[in-house]
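Asks: No sequence on hand, only this structure:
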């Protein structure tokens, strides 16, 4: 089978470029929770990096940060600031997970590529798998909006890190 030319995969390239930017922005922003974790737990940044990398899911990392913020010694204002950040970060996970847990199908004619979900949905009497959705301009806009919110969240996390004097 001949390999598709660049002109054949242009629409898919646009989706993959956006997903790459989304992943970069996500990972960069998630890593800031290392500083929050260090500050809340009273550990140095190096130790916080080890803990962060040992917890192998975003959910586990955010759960730890939330739980540390709920310790009795953490002032209410600091707790509210930290949990507001983790809640905002969690909200962005749906779209990111969608594009990271699917495969992509492109049309050699350059039409809108499809995402094919790689999960099984159990229903009462059936299972649903391989749900397909077009990855067109609306979806690209959603990705761009998510990237924008993550960039703002990144700045807001930095503001809390500095305000609380967490280890840099």
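Replies: Yep, that arrived. Source: prediction; values computed, not measured.
Asks: residues of the longest helix seen in the chain that come out buried?
Replies: In the chain, assigned by DSSP state H, the helix with the most residues is helix 137-164. Neighbour-count burial for helix 137-164, with 16 or more other CB atoms under 10 Å as criterion, is recorded at 139-140, 142-143, 146-147, 149-150, 153-154, 156-157, 160-161, 164. Just so you know, the C-beta spots here come from the backbone N, C-alpha and C atoms, and that holds for glycine as well.
Asks: Quickly find the element holding residue 11.
Replies: Under the criterion of DSSP states H and E, residue 11 resides in helix 10-31.
Asks: next helix or strand past that helix?
Replies: Counting by DSSP H and E, the next helix or strand C-terminal to helix 10-31 is helix 33-41.
Asks: Contacts for that next one, please.
Replies: Helix 33-41 is contacted from outside by 43-45, 47-49, 51-52, 61-62, 64-65, 68-69, 71, 74, 82, 85-86, 89, 157, 160-161, 164-168, using CB atoms under 8 Å, 6 or more residues apart in numbering.
Asks: Now residue 48. Nearest residue, chain neighbours left out?
Replies: Nearest residue to residue 48 in three dimensions, chain neighbours excluded: residue 38, at 3.6 Å (CB to CB, 6 or more residues apart in numbering).
Asks: gap between the one you found and residue 164?
Replies: 11 Å (CB to CB, to the nearest Å).
Asks: just residue 72 next, same as before
Replies: Distance, residue 72 to residue 164, using CB to CB: 17 Å.
Asks: just residue 46 next, same as before
Replies: Residue 46 is 19 Å from residue 164, by CB to CB.
Asks: same check, this time on residue 43
Replies: Distance of residue 43 to residue 164, computed by CB to CB: 14 Å.
Asks: got it, and residue 146?
Replies: Residue 146 is 26 Å from residue 164, where distance means CB to CB.
Asks: So residue 92 is in contact with residue 26, correct?
Replies: Yes. Counting by CB atoms under 8 Å, residue 26 is a contact partner of residue 92 at 7.4 Å.
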